[in-house]
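[1] starting from these lines, generate the structure:
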Amino acid sequence: MRLASSAAEVLVPDGGKVLIGKDTRVSGYMFESALEAGFVAAGADVLLLGPLPTPGIAHLTQKFEADLGVVISASHNPYYDNGIKFFDRQGGKLSDQIELAIEQGLEQPARTKDSAHLGQAQRIDSARRQYMEFCQSTLPADLSLQGLKVVIDGANGAGYKVAPRVLGALGAEVIPIGCSPNGRNINDGCGSLHPELLQLTVPGVRADVGIALDGDGDRVVMVDHEGNIIDGDQLLYVVALARQRSGELRGPVVGTVMSNLGLELSLREAGIDFRRAKVGDRYVMQLLRETGGTLGGETSGHIICLDRTTTGDGLVSALQTLAIMKDSSESLKALTAGMPRMPQHMVNVRVASRIDLDGSAPVQKAVAEVQEHLGGRGRVVLRPSGTEPVIRVMVEGEDAGEVEELALRIASVVERSAA
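    Alright, predicted model coming up:
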């Protein structure tokens with residue numbers, strides 16, 4: 001309630017319109033009610049959209065001309081976590097300055113305007129249909145997915161209804177899994193973080209392709225007809241080459257420091273500029289805007305197609321890939337064959353509190369030794385997770401066994417330094 005009150009004070013001090021959507025976590029009911037009360041008490045009108053993917057909230061914030069979009073979700077995390085994301089009226093993330101201003105008001109009691117100036121709340125039953133229509137509009141009007149057999153894993157999350165329905169409306173034969181949420185099974189052995197069931201199901205039912213969203217629907221990984229995982233780097237490669245052929249590609253393709261070196265080399269060979277941003281979709285977005293690019297993303301499957309939407313959208317990104325498959329009459333395996341992936345190994349080191357990686361002499365020594373050993377034939381990346389008390393250690397090189405050994409070596413030093 002205090003968060004809603006402070007956000008209203010900063011963004012809609014004289015009253016305005018706020019959209020609230022959520023994923024399928026059981027705690028979403030509690031958060032939704034508290035946020036609704038805080039915004040209404042502060043004089044804002046609230047539109048409750050119910051379970052809907054995060055990018056759907058971003059799109060509808062713009063479509064409904066709302067002042068603020070709110071998403072209740074912890075994305076790919078387990079059901080017992082939850083969180084709150086904000087979108088501005090253009091469907092983009094808030095600036096650091098606005099976030100800081102909201103944080104500064106969090107310790108103040110929730111404000112309540114007099115009765116004559118309280119806001120009102122209503123549920124919008126058409127939100128799901130409008131977002132589905134938007135997703136379909138990102139493909140050419142005459143394109144049909146008829147003839148494609150698609151397995152869709154909704155992660156028991158926010159996309160559990162819209163994703164199968166959009167694919168079916170476009171003509172695909174749809175087999176849904178992970179589309180039966182109960183409030184506690186979101187991301188549980190399913191979705192983009194756990195695609196093992198999808199990998200078994202796709203070849204098992206002789207499907208052409210599989211799609212796995214995460215809990216809030218802004219990430220996607222795919223599976224080819226043989227059950228091989230196609231990650232965000234490979235999807236970026238497929239879409240970038242197709243956009244280049246159609247003349248739609250603008251500016252460089254933007255990845256992150258974690259993007260596979262194979263993506264960079266393959267794009268360079270195709271004559272496409274590639275840039276790296278810090279990990280996080282906001283940093284990818286920032287670099288796209290600075291360079292005039294329209295396509296970027298992360299290995300995790302957070303793909304941003306600015307020529308189609310304002311933020312990362314797992315379903316929209318998957319649809320672009322399916323359209324390329326239909327247009328080229330090629331399998332997803334064939335489309336990704338031109339991008340060899342360099343072996344990477346990542347170790348997650350759980351820590352009690354954040355540590356200063358740059359200021360730790362043992363960690364920096366271990367990193368320097370590994371980099372010297374790789375001799376310019378690989379990379380080392382250390383970064384704290386943005387959502388968990390974890391330090392991610394990634395080593396990339398030519399030999400998979402060596403890469404794993406080197407990553408574990410650095411991880412053990414990080415673990416000792418954090419103890």
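[2] could you measure from residue 229 over to residue 391?
    Distance, residue 229 to residue 391, using Cβ to Cβ, to the nearest Å: 24 Å. C-beta here means a position set from N, CA and C on the backbone, and glycine is covered the same way.
[3] higher neighbour count, the two?
    Set side by side, residue 229 and residue 391 show more neighbours around residue 391, with 24 against 16, by other Cβ atoms under 10 Å.
[4] so what does the more buried one look like in phi/psi?
    phi -100, psi 120 (degrees, to the nearest 10).
[5] check contacts around it.
    Residue 391 is in contact with 348, 349, 351, 355, 357, 382, 383, 384, 385, 414, 418, counting by Cβ atoms under 8 Å, 6 or more residues apart in numbering.
[6] what's around residue 1, how many residues?
    18.
[7] so what's it closest to, chain neighbours aside?
    Using Cβ to Cβ, 6 or more residues apart in numbering and skipping the chain neighbours, the partner closest in space to residue 1 is residue 38 (3.8 Å).
[8] again, but for residue 282
    Excluding the flanking residues, the one nearest residue 282 by Cβ to Cβ, 6+ apart is residue 93, at 5.1 Å.
[9] that neighbour contacts residue 87, doesn't it?
    Yes: counting by Cβ atoms under 8 Å, residue 93 touches residue 87, with 6.8 Å between them.
[10] of these two, give the one with the bigger neighbour count.
    residue 87 (26 against 20).
[11] name the helices or strands packed onto the helix or strand that contains residue 262?
    Assigned by DSSP states H and E, residue 262 falls within helix 261-269. Applying 3 or more Cβ pairs under 8 Å, 6 or more residues apart in numbering; DSSP states H and E, one finds that helix 261-269 contacts helix 232-246, strand 253-256, strand 274-277.
[12] which stretches in the stretch 201-350 of the chain count as strands?
    Under the criterion DSSP state E, counting those that start in this stretch, strands of the stretch 201-350 of the chain are mapped to 209-213, 220-223, 229-230, 253-256, 274-277, 295-297, 303-305, 344-350.
[13] so what's the most far-flung residue of the chain relative to its centre up against?
    Distance from the C-alpha centroid of the chain peaks at residue 116, with 40.6 Å (Cα atoms, centre = their mean). Under the criterion of Cβ under 8 Å, 6+ apart, residue 116 has no neighbours.
[14] for this protein, what's the longest helix?
    Assignment by DSSP state H gives helix 400-418 as the longest helix of the chain.
[15] can you show me the strands along the stretch 51-200 of the chain?
    Using DSSP E, counting those that start in this stretch, strands in the stretch 51-200 of the chain cover 68-72, 84-87, 121-123, 149-153, 173-177.
[16] where does the record place the domain boundaries for the protein?
    2-124, 131-336, 344-418 (automatic domain parsing).
[17] for the closest residue to residue 63 other than its chain neighbours, grab the count of nearby residues.
    Leaving aside its chain neighbours, residue 63 sits nearest to residue 130 (6.7 Å; criterion: Cβ to Cβ, 6+ apart). Residues lying near residue 130 (other Cβ under 10 Å) number 16.
[18] do the same with the one 5 residues further on
    Summarising burial for residue 135: neighbours were counted as other Cβ under 10 Å, giving 27.
[19] please apply the same query to residue 350.
    Neighbour number of residue 350 under other Cβ under 10 Å is 11.
[20] just grab the bridge partners of it for me.
    Beta-bridge partners for residue 350, by DSSP bridges, are residue 390.
[21] tell me which strands the helix or strand of the chain with the lowest mean pLDDT pairs with, and in which orientation.
    Least confident element among the helices and strands of the chain, by mean pLDDT, DSSP states H and E: strand 379-384 (a mean of 89). Strand 379-384 pairs in its sheet with strand 390-396 (antiparallel), by DSSP bridges.
[22] can you pull out the helices in this structure?
    So, for the chain - with DSSP H - the helices run 2-11, 28-41, 54-63, 96-104, 127-137, 162-169, 196-204, 232-246, 261-269, 281-291, 314-328, 332-336, 361-374, 400-418.
[23] picking that back up, any of the contacts of residue 391 buried? List them.
    349, 351, 355, 357, 382, 383, 414, 418 (16 or more other Cβ atoms under 10 Å).
[24] and the domains of the chain, which one is worst for confidence?
    Mean pLDDT values for the domains of the chain show the minimum at domain 344-418, a mean of 88.
[25] could you tell me the end-to-end distance of that domain?
    24 Å (Cα to Cα, to the nearest Å).
[26] coming back round to it: name the surrounding residues that touch the longest helix of the chain.
    Taking Cβ under 8 Å, 6+ apart as the rule, helix 400-418 contacts 343-347, 349, 351-353, 355, 357, 360, 362-363, 365-367, 370, 373-374, 378, 380, 382, 391, 393-397.
[27] for those residues, which PyMOL command selects only the ones that are buried?
    This is how PyMOL selects the buried members of those, with burial counted by 16+ other Cβ under 10 Å:
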select buried, resi 343+344+345+346+347+349+351+355+357+360+363+366+367+370+374+378+380+382+391+393+394+395+396+397
